[in-house]
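Engineer: From the sequence below, what's the structure:
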Amino acid sequence: MPGHIVLAYSGGLDTSVGIHWLKTRFDAKVTAVLVDMGQDPASVEAAVERGLANGAEDVLVPRVRDRFAETYVAPAIRANALYQGTYPLATALARPLIAEELVRAARAVGADAFAHGCTGKGNDQVRIEAGVKALAPGMACIAPQRSHPMSRDEVLRYAARHSLALPPEKKSPYSVDENLWGRSIEGHDLEDPAVAPAEAAFAWTRSPTACPDEPGAFTLAFERGLPVALDGVPLALADLVARLNVLVGGHGVGRIDHVEDRLVGIKSREVYEAPAAVAVLTAKKALEALTLTKEEARLKPFLEQKYAEAVYEGLWHAPVRTAIQAFVDTVQAHVQGTVTMQAWKGGLTVLGRSSPRSLYAPELATYSDADAFHHQAAEGFIELWSLPTETATRVRGIAPSPGAPDPDVAVSPAAVVP
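Structural biologist: Residues are numbered from 1 along each chain as shown. Model prediction:
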């Protein structure tokens, strides 16, 4: 039996009640850990008071907004991390940091177990537990919603029986998780993939029909694959992302409606808002097209996919993620320059890009009198490039095109349609 439990505490219904449940079930001390990645200060303060009222020994609130940006979001930006090419992994990137803070808190207070409020069919249970196992092998895990699952009504009845402090009743029917890099919305009518998201689901992005008629242009500057300035103003990453969320979100950019494959094997309809993520990754890909070699540009998307899968599946601390990161960071050393973009009514357009590391040579690309390309060299290149195919044709003959009749098979006149 555990003597002291650290709880990944969100301040929501399940973890607010979970403090009392864990304390009485195991006759143990419970320290709640509320990881602040930039949430509303008033809601954080209220959650701390609620946790203490429900029996927590303490509610620790590590302030990690900047560290989240620099240590988790920044590497993912360098990797163009988009799960299934669509989701920028905002929630998935936060979970290994929560695991890190749980381990830090456990060591500080002498806890011998950790707990979370995740259900048995979600991704977050895997992400948090895999993170803790990587950082503190052998620490016991308690997951009440897996071992003793309760419906919302059952949780409310438990809270009433024990006179527990509860969060304010939600005005929205949706389940929302948000941090600096994005906002996820699920539940209620969104569980039907055929139903269009209602405007009430969105908070960071304006409906395209309500956006300004004039487009919004902006310029991002990059160094080593990371945005470092917005419209010429140098900014820390967390501040740049926060400003960009407001800027392009106001033009309707960043809405994502995606049916994704969860780690546990089920499909899930997820709606996201990630204005800054969409803008940053779109700009950086445009800059990479200018600064990466052909072979780097060919290989990187494959590794980006594997990287995003590793993060989504809770393997942030696994060797495969750190190995891919080493390749990514090496390539990103050359991704430097500026990209000018235009946001308009939900769309995003690259207007121009430039870089001191550009591999675009005007004297080779131009068709003007300044053309310096050696045209005669193309003849030998084509001869060598075509040589394997030409040789195969000599040896094997010409293969018929798909659907074409085999020249060796006779066709009877009766089979021919006039």
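
Engineer: need the contact list for the most centrally placed residue in the chain.
Structural biologist: In the chain, the C-alpha nearest the mean C-alpha coordinate belongs to Leu89, at 1.5 Å (CA atoms, centre = their mean). Taking CB atoms under 8 Å, 6 or more residues apart in numbering, we find Leu89 in contact with 76, 81-83, 181-182, 308, 311-312. To be clear about C-beta, it is placed using only N, CA and C from the backbone, and glycine gets the same treatment.

Engineer: residue ranges for the strands of this structure, please.
Structural biologist: Along the chain, the segments classed as strands by DSSP state E run 4-8, 29-33, 58-60, 113-115, 140-142, 175-179, 182-186, 216-223, 226-230, 233-234, 255-261, 267-273, 337-344, 347-354.

Engineer: By mean pLDDT, show me the worst of these.
Structural biologist: Comparing mean pLDDT across the strands of the chain, the weakest is strand 175-179, with a mean of 90.

Engineer: just checking, what packs against that strand?
Structural biologist: helix 90-109, strand 182-186 (3 or more CB pairs under 8 Å, 6 or more residues apart in numbering; DSSP states H and E).

Engineer: so where is this structure shaky, pLDDT-wise?
Structural biologist: Low-confidence segments of the chain (pLDDT under 70): 399-401, 403-418.

Engineer: Spell out which residues make up each domain of it.
Structural biologist: Annotated domains of the chain cover 4-161, 202-264+272-357, 364-391 [automatic domain parsing].

Engineer: Switch the ones you listed over to a markdown table; also include distance to Ser175.
Structural biologist: Below are those laid out as a markdown table (distance: least, CB to CB, whole Å):
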| stretch | distance to Ser175 |
| --- | --- |
| domain 4-161 | 9 |
| domain 202-264+272-357 | 13 |
| domain 364-391 | 51 |
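
Engineer: wait, which of those domains is closest to Ala194?
Structural biologist: Judged by CB to CB, the one of the domains of the chain that comes nearest to Ala194 is domain 202-264+272-357, at 10.8 Å.

Engineer: what about that closest one, how long is it end to end?
Structural biologist: 39 Å (CA to CA, to the nearest Å).

Engineer: One more: stretch 28-44?
Structural biologist: Terminal residues of stretch 28-44 lie 24 Å apart, using CA to CA.

Engineer: Give the buried residues for it.
Structural biologist: For stretch 28-44, the neighbour count (16 or more other CB atoms under 10 Å) marks 28-39, 44 as buried.

Engineer: Tell me the one of those residues nearest Met150?
Structural biologist: Val30 (17.5 Å).

Engineer: The closest one contacts Lys23, doesn't it?
Structural biologist: Yes: counting by CB atoms under 8 Å, Val30 sits close enough to Lys23 to count as a contact (4.9 Å).

Engineer: list residues touching both of these two?
Structural biologist: Residues touching both Val30 and Lys23 (CB under 8 Å, 6+ apart) are Gly55.

Engineer: which residues touch stretch 138-148?
Structural biologist: 2, 5, 14, 18, 21-22, 25-26, 103, 106, 112-120, 125, 129, 132-133, 150.

Engineer: out of the residues you listed, which are buried?
Structural biologist: The buried subset of the contacts of stretch 138-148 (16+ other CB under 10 Å) comprises 2, 5, 14, 18, 21-22, 26, 103, 106, 113-118, 125, 129, 132-133, 150.
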